[in-house]
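In: sequence and predicted structure, then a few things I'm wondering about:
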Amino acid sequence: MSEKRVRVRFAPSPTGGLHMGGVRTALFNYLFAKRYNGDFILRIEDTDQSRFVEGAENYIINALTWCGITPNEGVGFGDGPHAPYRQSERKATGIYKRYADQLLASGHAYYAFDTPEELDAMRKRLEAAKVASPQYNALTRQNMRNSLTLPEEEVKRLIDSGEKYVIRLKVPRQEEIRFQDLIRGWVVVHSSQIDDKVLLKSDGMPTYHLAHIVDDLEMQISHAVRGEEWLPSAPAHILIYNYLGRSADMPKLAHLPLILNPDGNGKISKREARFPVFPLSWKDPRETEPYIGYCESGYYPEAFINILALLGWNPGDQHELMSLMEMTERFDFDRVHKSGAKFDPEKAKWFNQQYLRMQSDTALAKAFEPIVKEKGIHCTLDFLTAYCRLVKEKASFVNEFWDLGSFLLIAPDSYDEQIISKKWNTEDRPAWKGFSEALNTTDPFTPDAIQNAFKWRSASGPKLDMQLLRVLITGRSGGPQLFEVMALIGRTECQKRIDAALLRLS
Ligand code: GLU
C-alpha cells in the first residue's frame, strides 16, 4: 500500500455513452477508494474536441448515480479542492502548456512541424521498407521537420510566422523502461517500441498522454486504475514523469482486464451484443436507434454492479452475492485477474433474480403497479402484492410478472389446446358443474379448503383432472400453485371462469 492518501479518479472522455466496461473501471476505482477511506474523483477528459458527443457527460453522471458509485469530487458531484475537473476548463489556466514548456526546456520534448501529408509520406516510406511498426521515433524523426533537425533560427521563424506545430516527447532510442503494475506485476518495455508521442496538439490542446499526467500530479492521484487498452502507453507515461522530475509522485498503476464476449472472443461490441451494454438507455446523436440499458431492461442497480464486480475480480471465496458495502470491505487489486473476463448474460439474469427475491412482496407490487396500470387495469396494492408473491419465483425481472400471471387479472378467452384435446371429456361437464357449485360452500375460501373440495368432488364422481382445472381457470397448462391462484381470484371469479369454460368447450 502506498503511504499517500488514496485518491483515485475515473477519467472518461465524453465520446459516447458509458458502457459496462467503463462502469466497471469506475466501480473498481470506487471500491478501492472506499476500502482505504480515500477519495474518488470524476474527471472529464474532453481535450479531443473532434470526438466530443453531445449528452455524453450527462449520461456519465446519470449512469454513475444510478449505480450508486458516487464520486466525492468532480464534474456533476460538487467541486473539491482541485476544481475545475473538466480538462477543457483546466486548459484555460495554461497548466498543460506549462508542463509542456518544462519538457521542452529540459530537452525531453521538441517541436514538430510536419504536415499531415509529410507524415503520410513517412508512413508509406516505412511501410514500403517493410518496417514492422512505422512510427515517429528516435530513428525516423531524423528525417522529419522538427526542432531536432532544423536550425534554431528556422524553428523560431516558423513559430513566429504562425506555422502549425505539435510538441512531441523525445523518446530515447535504447532504454529499458520498467514499471510495476498492481495487477500485472513487473512490465519491461524497450524504448524502441515507443513512438514520440504528441503531447500538445496543433490546436493548443494537450493530448491524453500529457493532460492526464498533469492532472494526476496536480490532483495528487495515488493510483491510476484504468482499462487494459492504456497499458501500451504506460511506458511513455513513465518517461514523462521521469523527465518532469516527478517519478516519486507518480500514481501506482493498475490496468484492468478486458470484458470479453460470452464466447471469449474479443471485447464486447455494443453493435453485436445480444444483451444490454449500457447501464442506462443511450441514444447516440450520430445513430438512429437507441441502445436499451440495464436499467430499462429491468435490472436492479445492485445486481448490475454485483455482476460487474465479478468480471475480473473475486473476493477469494465462492461468495457471489455482495452489496456495495461488502465488496468495499473485500476489494483489492491482488484478486483482480490479468486475463480477460467473459461476460455471461444468463448469469447476469440469475443475479437479477437473486436481487428480485430479496425484495419484499409489497416493493415488488409497487414496481409492478405501473405496468398493470398501463394495461388499463386497476386493482388494489394488496391484490398485486399477493400476485407478486405467486409469480416471483419464476421471474428474473419485474417486467416478466405480467406474462407470468396476467390470468390473475383477466379471465382466459382461450384454453390450452393440447391439454383440452387430451383431457377434456364432454361427459364430465356435470361433474365440473358440481365442483363449481361446491365452491359455494367452501368456507373460508382458502387454498386448503379449495383443494379439499376438489378432492372430495373427484372422489365422489368421475375423477376430475387437476391440470384440466388449471386450464379452465387460467387458460394455461402451467403456472403458480393452482389453489393459491383460485383463492386469490376469489370464489365468484372461479365459478364464473369454470362456467364460461363449460359453455365454450363442446
Ligand atoms: N480518458 C481516458 C479514457 O477514457 C482515461 C484513461 C485513464 O484513466 O487514464 O479511457
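Out: On my side now, so go ahead.

In: show me what from the stretch 101-250 of the chain comes close to the ligand.
Out: 208, 212, 224, 226, 230 (Cβ under 6 Å from any ligand atom). (Glycine included, C-beta is placed from N, CA and C.)

In: just these: which are in helices?
Out: Judged by DSSP state H, those include 208, 212 as members of helices.

In: top of the residues of the stretch 101-250 of the chain next to the ligand by neighbour count?
Out: Comparing these by number of neighbours (other Cβ atoms under 10 Å), His212 comes first, having 25 neighbours.

In: next, the contact list for that one, please.
Out: Listed by Cβ atoms under 8 Å, 6 or more residues apart in numbering, the contact partners of His212 are 11, 45, 224.

In: what's the answer for Leu150, then?
Out: Taking Cβ under 8 Å, 6+ apart as the contact definition, Leu150 lies against 113, 158.

In: phi, psi of it?
Out: Dihedral pair for Leu150: phi -90, psi 150, per degrees, to the nearest 10.

In: got a pLDDT number for it?
Out: pLDDT, Leu150: 98.

In: gap between it and Pro345?
Out: Separation of Leu150 from Pro345 (Cβ to Cβ, to the nearest Å) stands at 57 Å.

In: can you check Ala100 too?
Out: Taking Cβ to Cβ, one finds Ala100 at 45 Å from Pro345.

In: give me the more crowded residue out of those two.
Out: Comparing Ala100 with Pro345 by other Cβ under 10 Å, the one with more neighbours is Ala100, at 19 against 13.

In: with pLDDT and distance to Leu182 added, can I get the contacts of His212 in JSON lines?
Out: As requested, the contacts of His212 are exported to JSON lines (pLDDT from 0 to 100; distance: Cβ to Cβ, whole Å):
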{"residue": "Ala11", "pLDDT": "98", "distance to Leu182": "17"}
{"residue": "Glu45", "pLDDT": "97", "distance to Leu182": "21"}
{"residue": "Ala224", "pLDDT": "98", "distance to Leu182": "10"}
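
In: which of those lies closest to Ile371?
Out: Taking Cβ to Cβ as the measure, Ile371 lies nearest Ala11 of the contacts of His212, at 38.6 Å.

In: phi and psi next, for that closest one.
Out: Taking degrees, to the nearest 10 as the convention, Ala11 sits at phi -130, psi 60.

In: with Asp263 instead?
Out: phi -90, psi 0.

In: ditto for Asp46
Out: According to degrees, to the nearest 10, Asp46 has phi -110, psi 40.

In: quick one: the closest residue to it other than its chain neighbours from Val8, how far?
Out: Spatial nearest neighbour of Asp46, chain neighbours left out: Ser88 (4.9 Å); criterion: Cβ to Cβ, 6 or more residues apart in numbering. Taking Cβ to Cβ as the measure, Ser88 falls 22 Å from Val8.

In: ok, now Pro235?
Out: Relative to Val8, and taking Cβ to Cβ, Pro235 is found at 21 Å.

In: ok, Asn261 next?
Out: Using Cβ to Cβ, one gets 28 Å for the distance from Asn261 to Val8.

In: the two: which is more packed in?
Out: A count of neighbours by other Cβ under 10 Å puts Val8 above the other of Asn261 and Val8, at 28 against 17.

In: show me what the more buried one is bridged to.
Out: Val8 has these beta-bridge partners by DSSP bridges: Phe40, His223.

In: ok so, going back, list the contacts of the residue nearest to Asp46.
Out: 46-47, 49.

In: looking at the residues of the stretch 101-250 of the chain next to the ligand, spot the one nearest the ligand.
Out: Closest to the ligand out of those is Arg226 (3.4 Å), distances taken as Cβ to the nearest ligand atom.

In: okay but that closest one is in contact with Thr25, surely?
Out: Yes - counting by Cβ atoms under 8 Å, Arg226 does reach Thr25; the two are 6.1 Å apart.

In: next, show the common contact partners of those two.
Out: In contact with both Arg226 and Thr25: Leu256, using Cβ under 8 Å, 6+ apart.

In: quick check: Arg271 is in a strand.
Out: No - Arg271: not assigned to a strand; according to DSSP: H, G, I helix; E, B strand; the rest coil it is coil.

In: and it, how many neighbours?
Out: A count of neighbours around Arg271, defined by other Cβ under 10 Å, yields 8.

In: cool, and Arg335?
Out: By other Cβ under 10 Å, the residues close to Arg335 number 13.

In: secondary structure class for Phe179?
Out: Judged by three-state DSSP, the three-state class of Phe179 is strand.

In: distance of the residue most central in space within the chain from the ligand?
Out: Nearest to the mean C-alpha position of the chain, counting by Cα atoms, centre = their mean, stands Met20 at 2.3 Å. Distance of Met20 to the ligand, given as Cβ to the nearest ligand atom, to the nearest Å: 14 Å.

In: can you tell me the closest non-neighbouring residue to that residue?
Out: Per Cβ to Cβ, 6+ apart, closest to Met20 is Val277, 5.8 Å.

In: I figured the one you found was touching Asn261, is that so?
Out: No - Val277 is beyond contact range of Asn261, at 10.8 Å (criterion: Cβ under 8 Å).

In: who are the packing partners of the lengthiest helix in the chain?
Out: Longest among the helix segments of the chain by residue count, using DSSP H, is helix 20-35. Counting contacts by 3 or more Cβ pairs under 8 Å, 6 or more residues apart in numbering; DSSP states H and E, helix 20-35 packs against strand 7-10, strand 39-42, helix 56-67, strand 223-227, strand 252-256, strand 259-260, helix 301-309, helix 324-330.

In: give me the angle between it and strand 252-256.
Out: For helix 20-35 against strand 252-256, the angle by axes from the mean of the first three to the mean of the last three Cα atoms, to 10 degrees is 140 degrees.

In: which parts of helix 20-35 are buried?
Out: Neighbour-count burial for helix 20-35, counted by 16 or more other Cβ atoms under 10 Å, picks out 20-34.

In: for stretch 200-216, same thing?
Out: Applying 16+ other Cβ under 10 Å to stretch 200-216 flags 200-201, 205-216 as buried.

In: what about it, start to end distance?
Out: The stretch stretch 200-216 measures 17 Å between its terminal residues, going by Cα to Cα, to the nearest Å.

In: and stretch 230-238, by the same measure?
Out: 12 Å.

In: about what we covered before: hey, what's in contact with both of Val277 and Asn261?
Out: Common contacts of Val277 and Asn261 (Cβ under 8 Å, 6+ apart): Ile268.

In: comparing the helices and strands packed on helix 20-35, which comes out most buried?
Out: Greatest average neighbour count among the helices and strands packed on helix 20-35 goes to strand 7-10 (a mean of 26), per mean count of other Cβ atoms under 10 Å.

In: I am finished for the moment; much appreciated.
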